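1. let's see this in three dimensions:
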Amino acid sequence: MKSEFLLNPGITYLNHGSFGACPRPVFAAYQRYQRELELEPVDALQRHFPEKIHLARVGLAQFLGCDADEIAFVRNATYGMNLVARSLPIGAGDTVLTTDHEYGAVDRMWQAICSETGATLKRVQIPLPVSSGQDLIKAVSEQMDSSVRVLTFSHITSGSSLCFPVEQLVSLAADAGAISVIDGAHAPGQLPLEIGKLNADFYVGNCHKWLLSPKGAAFVHAAGRWTDHIRPPIVSWGNISKGSTALLLENEWQGTSDISATLAVADAIAFLAKHDWFKVIIPGCSRLLNKASSTLLKITGRPDIYGSAAIRAPQMASFLLPEGDYSTLHSRLFNEYQVELPVFTAPQGTLFRVSLQAYNTEDDINRLATALTEIL
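-> Residues are numbered from 1 along each chain as shown. Alright, predicted model coming up:
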């Protein structure tokens, strides 16, 4: 599959999780939509915008297993989380319960909102390794009390690549009368989703990571009971949408913008279907990741942070490093070995993350193993 992507062949790219990578045919479609937009901007953005975006939403909704009128396109998952968080009825005396594994930008957002509203931000500490999903549920449930107004967590955590048991956590929130907000940045395209059956209040996801769309395409899903209670941070003209809820009327049209990435989401979904992604490609990546894990754990000498396969993402795994200063590890891997790999400093220690996509091979893992062996 390497030839299907535009990535520099001289770089061992093991960092799909950060910004994704767009396949050639999807990128070609994206450029075609950009040309159409420039040929007749008014035609594209006024006369045909409602129908084009509606069709794009319907296609994405079918892929996600939800109602098309319950999702709205946004530029990225962080924007989507801000859109949701700033629409929630929280204030003094309320607690926003999250974990210490959340994405940095989202954690900072919750800090800001709690500071502004007088709510309290409480992070559940989840040390590594994690034995099972039940341990994650137990850690969260022990911190639930009557003050918890919002329970928010990642479907797949960014730094530690933990796959959270979302169904059980959503039920936990519902039983406590709390609002559930899921940061699903890494899930669409990596995990099969039935968001409509999940019954979460809000689910936010990216299309430009594992779903393989161009950069700048993401979505917010709001359960039907919330679709008239979403307010955008930017109030524009609105009322261009083919929908009837505030989620669509106030968010879908945000003034002049390039909608090409959004339109290309349909092409990305078609690309996944053509290559039987969930039955062929993802299992292949998981097998390669399993083999890589055995090699990398021997090199680091640290324990596997996943006590069961169910809590590790199919195409992402993170690895604890031995005690030491790793402030230059990311740059050394790239500059000396041409390996693109993220390194994270977290409360649980310093980790590096391997995220594999269809273009990766065993040769990529071997180059990383050689580099780490020499550096460590």
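2. distance between stretch 320-328 and the chain's centre?
-> Relative to its chain's centre, stretch 320-328 lies at 26 Å (Cα atoms, centre = their mean, to the nearest Å).
3. same deal with stretch 192-201?
-> Worked out by Cα atoms, centre = their mean, stretch 192-201 lies 15 Å from the chain centre.
4. any idea of the mean pLDDT in stretch 243-250?
-> Throughout stretch 243-250, pLDDT has a mean value of 81.
5. can you check stretch 67-79 too?
-> 94.
6. could you point out which element follows the longest helix along the chain?
-> Counting by DSSP state H, the longest helix found in the chain is helix 282-300. Going down the chain from helix 282-300, the next helix or strand is strand 316-320, by DSSP states H and E.
7. direction included, what does that next one pair up with?
-> Sheet pairing of strand 316-320 (DSSP bridges) gives strand 349-355 (antiparallel).
8. now do the partner strand, average pLDDT.
-> The average pLDDT for strand 349-355 rounds to 96.
9. extract the C-alpha set from that strand and format it as PDB.
-> Written as PDB, here are the backbone C-alpha positions of strand 349-355 (Å, rounded to 0.1, in the frame of the first residue of the first chain):
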ATOM      1  CA  GLY A 349       6.500   8.500  32.800                       C
ATOM      2  CA  THR A 350       8.100   9.100  29.400                       C
ATOM      3  CA  LEU A 351       6.600   7.100  26.500                       C
ATOM      4  CA  PHE A 352       7.000   6.800  22.800                       C
ATOM      5  CA  ARG A 353       4.100   5.800  20.500                       C
ATOM      6  CA  VAL A 354       4.100   3.600  17.500                       C
ATOM      7  CA  SER A 355       1.100   4.100  15.200                       C
END
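10. that strand vs helix 282-300, what angle?
-> Here strand 349-355 runs at an angle of 150 degrees relative to helix 282-300 (axes from the mean of the first three to the mean of the last three Cα atoms, to 10 degrees).
11. quick check: buried residues in the helix or strand just after strand 349-355?
-> For strand 349-355, the following helix or strand on the C-terminal side (DSSP H and E) is helix 362-375. With burial defined by 16 or more other Cβ atoms under 10 Å, the residues of helix 362-375 counted as buried are 364, 365, 367, 368, 371, 372. Heads up, the C-betas are built off the backbone N, CA and C, glycines and all.
12. cool, and stretch 105-115?
-> So, applying 16+ other Cβ under 10 Å, buried residues of stretch 105-115: 106, 107, 109, 110, 113, 114.
13. what about the third one, which SS state?
-> Three-state assignment for residue 109 (DSSP: H, G, I helix; E, B strand; the rest coil): helix.
14. show me what contacts it?
-> Each residue near residue 109 by Cβ atoms under 8 Å, 6 or more residues apart in numbering is listed here: 78, 81, 82, 85.
15. looking at this, the third one is in a helix?
-> Yes - Residue 82 forms part of a helix when assessed by three-state DSSP.
16. need the per-residue pLDDT for the closest residue to residue 369 other than its chain neighbours.
-> Nearest non-adjacent residue to residue 369, counting by Cβ to Cβ, 6 or more residues apart in numbering: residue 295, 5.2 Å away. Looking at residue 295, its pLDDT reads 97.
17. do you know how far residue 295 is from residue 364?
-> For residue 295, the distance to residue 364 equals 12 Å [Cβ to Cβ, to the nearest Å].
18. cool, and residue 177?
-> On the measure of Cβ to Cβ, residue 177 and residue 364 end up 47 Å apart.
19. what separates the longest helix of the chain from the chain centre, distance-wise?
-> Relative to where its chain is centred, helix 282-300 has its mean C-alpha point 21 Å off (Cα atoms, centre = their mean).
20. which residues in the protein form strands?
-> 12-13, 71-74, 95-99, 120-124, 148-154, 179-184, 202-206, 218-222, 316-320, 339-340, 343-346, 349-355 (DSSP state E).
21. least confident of the ones you listed, on average?
-> Mean pLDDT is lowest for strand 343-346 out of these, coming in at a mean of 91.
22. so which bits of that strand are buried?
-> Applying 16+ other Cβ under 10 Å to strand 343-346 flags 343, 344, 346 as buried.
23. ok, for the last one, nearest residue in space, not its chain neighbours?
-> Once flanking residues are discounted, residue 346 sits nearest to residue 159: 5.2 Å by Cβ to Cβ, 6+ apart.
24. for that neighbour, what are its contacts?
-> Counted by Cβ under 8 Å, 6+ apart, residue 159 has contacts 101, 103, 318, 344, 346, 351, 353.
25. just checking, what packs against the least confident helix or strand in the chain by mean pLDDT?
-> Least confident helix or strand of the chain, by mean pLDDT, DSSP states H and E, is helix 246-249 with a mean of 84. Under the contact criterion of 3 or more Cβ pairs under 8 Å, 6 or more residues apart in numbering; DSSP states H and E, helix 246-249 touches strand 71-74.
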